[in-house]
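[1] Give the three-dimensional model of this entry:
(one chain, ligands or ions: 1)
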Amino acid sequence: MNKEITIVGAGLAGSEAALQLAGRGWQVKLYEMRPHTMTPAHETDRCAELVCSNSLKSLRTDTAAGLLKQELKLLDCKLLDIAQDNAVAAGHALAVDRDAFAIAVTELIEQHPNITLLRQEITGIPEGKVILAGGPLTSDALMQALIEKLGEQHLYFFDAIAPIVSADSLDRSIVFDKSRYDKGEADYLNCPFTKEEYLQFVEALQNGEKHTAHEFENELFQDVSFRFYENCMPVEELARRGVDTLRFGVLRPVGLEDPRTGRRPYAVMQLRSENQDRTAFNLVGCQTMLRYGVQKEVFRKIPGLQDAEFLRYGSIHRNSYLNSPALLSDNLSLKQMPDVWLAGQFSGVEGYTESIAMGLLIAMIIDHSVTHGDVLFPLPETTILGQFWRRLITPSEQRFQPVNANFGLLPELINIDRKNKKTELVNRALEHLSVWIKTNRE
Ligand SMILES: Cc1cc2nc3c(=O)[nH]c(=O)nc-3n(C[C@H](O)[C@H](O)[C@H](O)COP(=O)(O)OP(=O)(O)OC[C@H]3O[C@@H](n4cnc5c(N)ncnc54)[C@H](O)[C@@H]3O)c2cc1C
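    Residues are numbered from 1 along each chain as shown. You can find the predicted model right below:
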């Protein structure tokens with residue numbers, strides 16, 4: 001049995017995958033380009049450096065971020081343990097002392113007899129079994145090598161994400177089902193604006209405070225190809241172009257007469273389903289750089305969204321990732337190169353904990369495939385991790401956007417009142433995962 005592997009990138013995903021595989025008897029060569037080649041965001045040469053906030057988000061058991069952590073705990077996640085050992089007081093969140101956390105991970109990796117940490121930038125795809133975990137700031141040379149192998153259309157350099165709201169928080173006395181000109185099966189939900197409501201919404205967008213982009217992101221946003229890619233223009237920028245821009249663009253009401261009145265609203269915000277159960281909807285065209293708190297305030301001005309529950313906020317970031325659903329086979333390796341796996345943000349998840357989770361999942365899949373000679377049985381679809389796996393291999397007509405932990409990913413629970421929904425989703429996930437572990441663990 002050949003248990004040798006090369007991992008590119010000693011970030012969150014690469015470090016977790018290395019520790020998992022080394023612990024299962026693999027010989028791991030872990031390549032990290034820092035300090036010789038730095039990314040625009042990292043400041044040290046440490047493994048698993050947190051580049052921005054020091055929070056791994058909520059620990060609360062009734063949140064999706066909390067559920068993901070509980071799933072990781074059941075699956076013996078290494079970096080989560082280290083995070084907990086180096087936690088600082090942060091209420092319900094798991095925040096860490098970033099230096100102590102990264103030092104602890106680096107020491108564990110450096111001292112592990114099965115891991116060789118090599119400080120070198122990888123500029124082509126290595127031979128043998130490989131995990132690419134170069135993260136959202138994967139070096140240009142490696143991106144270029146991938147473009148040559150996989151085609152430019154499958155590599156993305158930024159993400160532009162619209163907020164997602166839960167279906168049961170919408171006011172259905174206002175929001176109506178309809179596809180434009182009745183083409184399609186009333187797939188969209190529609191929020192009708194009066195003139196006054198529209199003007200208030202546009203004004204709120206125009207005045208909303210943006211999050212501060214990093215300097216290297218500002219460079220990206222100045223880039224001509226990015227600026228003219230209208231699908232990714234922040235909604236607040238469109239609002240600033242003129243009071244009618246949205247009404248003649250993404251909020252145009254033509255073909256969207258309200259079936260209850262027969263009249264065409266002044267403008268319409270369309271909501272598109274995020275999953276087959278239609279429990280979560282994204283606000284079409286509302287990719288945004290507004291601060292999270294501001295987003296809540298501004299988007300709740302949309303008629304029918306006054307009590308909206310935000311499962312995920314919108315964002316626009318510099319982010320290198322692959323069009324995984326088009327490129328990956330069921331075991332999350334590249335169809336074109338079956339010995340190459342992706343992990344972390346590069347594979348199409350977003351967030352610290354999500355990246356760690358993908359490092360763990362990929363390590364489990366690879367180890368299982370070599371030890372047992374077959375594909376690991378998929379994690380339950382009721383778990384966040386199981387849904388990451390599914391999302392990364394399920395093609396969709398929309399541009400693939402990175403996925404993070406949110407309850408909108410999980411299949412609906414029938415006949416549960418809204419008050420208990422989250423707790424029940426968490427209980428179901430953990431119960432199913434425990435059964436899966438009993439059945440599938442070697
Ligand atoms: C500026 C910025 C801020 C962010 N802030 C947050 C936040 O506050 N909260 C949050 O949850 N998420 C945040 N993210 C998103 C994401 O969670 C983090 O980027 C996370 O570190 C991703 O983990 P990863 O393992 O995929 O990549 P990384 O942790 O970035 O690890 C990738 C590693 O690969 C190395 N590498 C790259 N190319 C090569 C190569 N060719 N050869 C060798 N080594 C290479 C890099 O040096 C790096 O160490 C942020 C992302 C960015 C870019």
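[2] any idea which helix or strand carries Leu56?
    Assigned by DSSP states H and E, Leu56 falls within strand 55-58.
[3] can you list contacts of that strand?
    63, 65-66, 69, 80, 83, 90, 92-96, 351-353, 405 (CB atoms under 8 Å, 6 or more residues apart in numbering). Where you see a C-beta, it was placed from the backbone N, CA and C, and this is true even at glycine.
[4] Least confident of those?
    Among these, Ala90 has the lowest pLDDT, at 86.
[5] Are we agreed that that residue is in a helix?
    No - going by DSSP: H, G, I helix; E, B strand; the rest coil, the assignment for Ala90 is coil, not a helix.
[6] Neighbours of it, how many?
    Using other CB atoms under 10 Å, Ala90 is surrounded by 15 other residues.
[7] Could you do Val370 as well?
    17.
[8] Now for it: which residues touch it?
    Contacts of Val370 by CB under 8 Å, 6+ apart are 1-3.
[9] Now do the residue nearest to Leu150 when sequence neighbours are not counted against the ligand, distance only.
    Leaving out its chain neighbours, the residue that sits closest to Leu150 by CB to CB, 6 or more residues apart in numbering is Leu327, at 6.2 Å. Using CB to the nearest ligand atom, to the nearest Å, Leu327 is found at 17 Å from the ligand.
[10] Ramachandran angles for Leu327?
    phi -110, psi -20 (degrees, to the nearest 10).
[11] Could you report the pLDDT at it?
    pLDDT recorded at Leu327 is 97.
[12] wait, does stretch 130-150 contact the ligand?
    Yes - residues of stretch 130-150 contacting the ligand under CB under 6 Å from any ligand atom: 133-139, 142.
[13] Just the closest of the residues you listed to Pro338, please.
    When these are ranked by distance to Pro338 (CB to CB), Ala133 comes first, at 17.6 Å.
[14] any idea how far Phe377 is from the closest one?
    24 Å (CB to CB, to the nearest Å).
[15] for Cys77, same thing?
    For Cys77, the distance to Phe377 (CB to CB) stands at 19 Å.
[16] which of these two has more neighbours?
    Cys77 (23 against 10).
[17] residues in contact with the more buried one?
    The contact partners of Cys77, taken as CB under 8 Å, 6+ apart, are 16, 356-357, 360.
[18] and which of the residues you listed is nearest to Asp45?
    Nearest member of the contacts of Cys77 to Asp45, counting by CB to CB, is Glu16, at 18.4 Å.
[19] quick one on the thing from earlier: dump the contacts of Cys77 to a markdown table, plus distance to Asp307, neighbour count and secondary structure.
    What follows is the contacts of Cys77, written out as a markdown table (distance: CB to CB, whole Å; neighbours: other CB atoms under 10 Å; DSSP: H, G, I helix; E, B strand; the rest coil):
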| residue | distance to Asp307 | neighbour count | secondary structure |
| --- | --- | --- | --- |
| Glu16 | 38 | 31 | helix |
| Ile356 | 33 | 30 | helix |
| Ala357 | 31 | 29 | helix |
| Leu360 | 36 | 24 | helix |
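[20] Next up, the contacts around the residue of the stretch 51-200 of the chain found nearest the ligand.
    Nearest to the ligand in the stretch 51-200 of the chain, going by CB to the nearest ligand atom, is Gly135, at a distance of 2.3 Å. Counting by CB under 8 Å, 6+ apart, Gly135 touches 9, 11-13, 39, 320, 344-346, 355.
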